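S.K.: 3D, please:
(one chain, ligands or ions: 1)
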Amino acid sequence: MKVSIVGQGYVGLTISVFAAQAHQVIGYDRNIEIVENLNKGISHIEGVNSQVIQELIKAGKFKATSFPSDINASDIIVIAVPTPLNSQRKPDLSYIDSACKVIGENLNSPALVINESTSYPGTIRNYIKPAIEKYSKAKIAHEYAISPERVDPGRVEWNQKNTPRLFAGLTPEATRRTREFYATFCDNLVEVSSPEVAEAAKLFENTFRQVNIALVNELAQISHALGIDVRETLDAANTKPYGFMKFMPSAGVGGHCIPVDPSYLAHLALENGVRATFIERANEVNLEMPAYIARRVASDNGGSLKGKKVLVVGVAYKPNVADTRETPAEHLFEALNEMGAVVTWSDEVVGSWKGQSSSALGGAEIAIVVTKHEVVSSEAILKAAPYVFDTTGAVKGAVQL
Ligand SMILES: NC(=O)c1ccc[n+]([C@@H]2O[C@H](COP(=O)([O-])OP(=O)(O)OC[C@H]3O[C@@H](n4cnc5c(N)ncnc54)[C@H](O)[C@@H]3O)[C@@H](O)[C@H]2O)c1
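M.R.: A predicted model of the protein is given here:
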């Protein structure tokens, strides 16, 4: 089958590589630099090997493009574009809309359109299908389905092949074709009764993480006030063989999913007359963590950070990846700057962030560890400053959150 994947980021490129084992894949992205690099066989995504791309290009199974017309005559179109929040923290479907425009204007024969971008229940039925129909001058009747993406960049043991994949079509024919497509590269397909169930399940998976992370972050604050070690408390609770799942405290949540997706659910809930109070409070607790950490560090350092040289260690949102989207390090920077600290950062995995290069790991009065990559040793971090505050639990010998 000819399969076009709209968006060649973390999700789109990962899917492209798996789908190209069995199909002819066109990777469409409006970012010309990404397209040019992919066609040179250079991957920009952790977990997607450049050599694999080179082999697929050589075998004629994968081609990246920024020409929308290249998606014409596809049997399957997969949408994998960003679904962020706008400045009011409300769903921003503008990327989905522009993808629908590309599809509506350029796909001139019937195809199956599958959405993998994360969005609220009803997106494929009430937003994507009408938008593509609006943009399609030829008025082609496509089939529509949803299969939310569960990829976790950097995780090796769970991938496209072995991670169970939810799916549902708007019609039985769409459901059948979606199963047929994913069966070519996924081992475990889970059909649900409607696209809305699949869309809601994806949002709830990430809401579950967001709320539980907020809960342990609150526990970390309570434990500190009570003089109890939060990590030992969590280890102790985790000895219960059932009914408990351990989450770890941190500087907050980051990445494209956990800080964002729950707000999609909260938005739809409110539109339907229900306030998602857990989601709202969890957002607040997680977003407040950097300011709490800055206050703790100030209190350990004579009550003020004014003029102090503070080094933030690790600005990626999680270990061993270069992704800084929605990183809590950003909020920590703001909180430290507001307190008058002279703030720099060091992250050799990220390298460059907000137009600046990573500083050396040292020369500071205070170091605060937001993310601990494996390539950065605890010993090196402990030598970076006379006072080291660790939000990760990985740097033994540092002051712990
Ligand atoms: N990154 C993850 O771990 C992850 C996991 C599960 C689900 N998701 C969801 O998948 C979706 C995509 O996320 P991502 O992390 O791959 O994003 P990304 O930013 O890595 O990649 C998106 C790509 O889409 C391109 N793009 C944007 N608009 C376009 C358009 N109209 N036409 C063509 N290309 C366009 C961008 O240039 C970019 O290369 C989001 O809804 C996200 O929530 C992401």
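S.K.: Just list the residues touching Ala141, thanks.
M.R.: Pro110 (Cβ atoms under 8 Å, 6 or more residues apart in numbering). In this view, the C-beta of every residue, glycine as well, is placed from N, C-alpha and C.
S.K.: helices or strands up against the helix or strand encompassing Pro290?
M.R.: According to DSSP states H and E, Pro290 maps onto helix 277-300. Secondary-structure packing of helix 277-300 (3 or more Cβ pairs under 8 Å, 6 or more residues apart in numbering; DSSP states H and E): helix 195-226, helix 261-271, helix 328-338, strand 366-369, strand 387-390.
S.K.: To the ligand, which of those lies closest?
M.R.: helix 261-271 (6.5 Å; Cβ to the nearest ligand atom).
S.K.: Contacts for the closest one next, please.
M.R.: Under Cβ under 8 Å, 6+ apart, the answer for helix 261-271 is 83, 85, 89-91, 118-122, 200, 202-204, 206-207, 210-211, 275-276, 279-280, 282-283.
S.K.: Keep only the residues you listed that also lie close to the ligand.
M.R.: Thr83, Thr118 (Cβ under 6 Å from any ligand atom).
S.K.: Emit the ChimeraX select command for whichever of the contacts of helix 261-271 are buried.
M.R.: A single ChimeraX command selects the buried members of the contacts of helix 261-271 (16 or more other Cβ atoms under 10 Å):
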select :83,85,91,118,119,120,121,200,202,203,206,207,210,211,276,279,282,283
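S.K.: can you pull the buried residues of stretch 330-338?
M.R.: In stretch 330-338, counting by 16+ other Cβ under 10 Å, buried: Glu330, His331, Leu332, Phe333, Ala335, Leu336.
S.K.: Identify the farthest-apart pair in those.
M.R.: Glu330 and Leu336 (11.0 Å; Cβ to Cβ).
S.K.: mind putting the helices and strands packed on helix 277-300 in CSV, mean pLDDT included?
M.R.: Below are those laid out as CSV (pLDDT from 0 to 100):
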stretch, mean pLDDT
helix 195-226, 98
helix 261-271, 96
helix 328-338, 97
strand 366-369, 98
strand 387-390, 98
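S.K.: neighbours of Trp158, just the number please.
M.R.: 12 (other Cβ atoms under 10 Å).
S.K.: next one: Lys383
M.R.: 13.
S.K.: Show residues contacting stretch 42-53.
M.R.: 9-10, 13-14, 17, 34, 37-38, 41, 62, 153-156, 159, 321-323.
S.K.: tell me the contacts of the closest residue to Ala294 other than its chain neighbours?
M.R.: Distances taken as Cβ to Cβ, 6 or more residues apart in numbering place Ala335 nearest to Ala294, at 3.9 Å, with adjacent residues excluded. For Ala335, the contacting residues are Pro290, Ala291, Ile293, Ala294, by Cβ under 8 Å, 6+ apart.
S.K.: how about a cut-off of 10 Å?
M.R.: Listed by Cβ atoms under 10 Å, 6 or more residues apart in numbering, the contact set of Ala335 reads 288-295, 297-298, 305, 341, 343.
S.K.: Is it possible to get a markdown table of these that adds pLDDT and distance to the ligand?
M.R.: Formatted as a markdown table, those follow (pLDDT from 0 to 100; distance: Cβ to the nearest ligand atom, whole Å):
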| residue | pLDDT | distance to the ligand |
| --- | --- | --- |
| Glu288 | 96 | 24 |
| Met289 | 98 | 21 |
| Pro290 | 98 | 22 |
| Ala291 | 98 | 26 |
| Tyr292 | 98 | 27 |
| Ile293 | 98 | 25 |
| Ala294 | 98 | 28 |
| Arg295 | 98 | 31 |
| Val297 | 98 | 30 |
| Ala298 | 98 | 34 |
| Leu305 | 97 | 34 |
| Ala341 | 98 | 31 |
| Val343 | 97 | 27 |
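S.K.: Only the buried subset of those residues, as a ChimeraX command please.
M.R.: Entered in ChimeraX, the line below selects the buried ones among the contacts of Ala335, by 16+ other Cβ under 10 Å:
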select :288,289,290,291,292,293,294,297,298,305,341,343
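S.K.: any chance of the contacts of Ala335 in a markdown table, with distance to Asn238 too?
M.R.: As requested, these are exported to a markdown table (distance: Cβ to Cβ, whole Å):
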| residue | distance to Asn238 |
| --- | --- |
| Glu288 | 25 |
| Met289 | 21 |
| Pro290 | 26 |
| Ala291 | 28 |
| Tyr292 | 24 |
| Ile293 | 24 |
| Ala294 | 29 |
| Arg295 | 28 |
| Val297 | 28 |
| Ala298 | 32 |
| Leu305 | 34 |
| Ala341 | 35 |
| Val343 | 35 |
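S.K.: and which of the contacts of Ala335 is nearest to Asp29?
M.R.: Nearest member of these to Asp29, counting by Cβ to Cβ, is Pro290, at 32.6 Å.
S.K.: Relative to Glu338, how far out is the closest one?
M.R.: 11 Å (Cβ to Cβ, to the nearest Å).
S.K.: ok, now Asn39?
M.R.: 45 Å.
S.K.: and what of Val17?
M.R.: Taking Cβ to Cβ, one finds Val17 at 43 Å from Glu338.
S.K.: same check, this time on Ala145
M.R.: 47 Å.
S.K.: now the farthest one out in the chain, which residue is it?
M.R.: Gly302 (37.6 Å; Cα atoms, centre = their mean).
S.K.: What residue in the stretch 1-150 of the chain comes nearest to the ligand?
M.R.: For the stretch 1-150 of the chain, Cβ to the nearest ligand atom, closest residue to the ligand: Gly9, 1.7 Å.
S.K.: How about the most centrally placed residue in the chain, nearest residue that isn't a chain neighbour?
M.R.: Nearest residue to the geometric centre of the chain (Cα atoms, centre = their mean): His256, 3.0 Å. Once flanking residues are discounted, His256 sits nearest to Arg325: 5.2 Å by Cβ to Cβ, 6+ apart.
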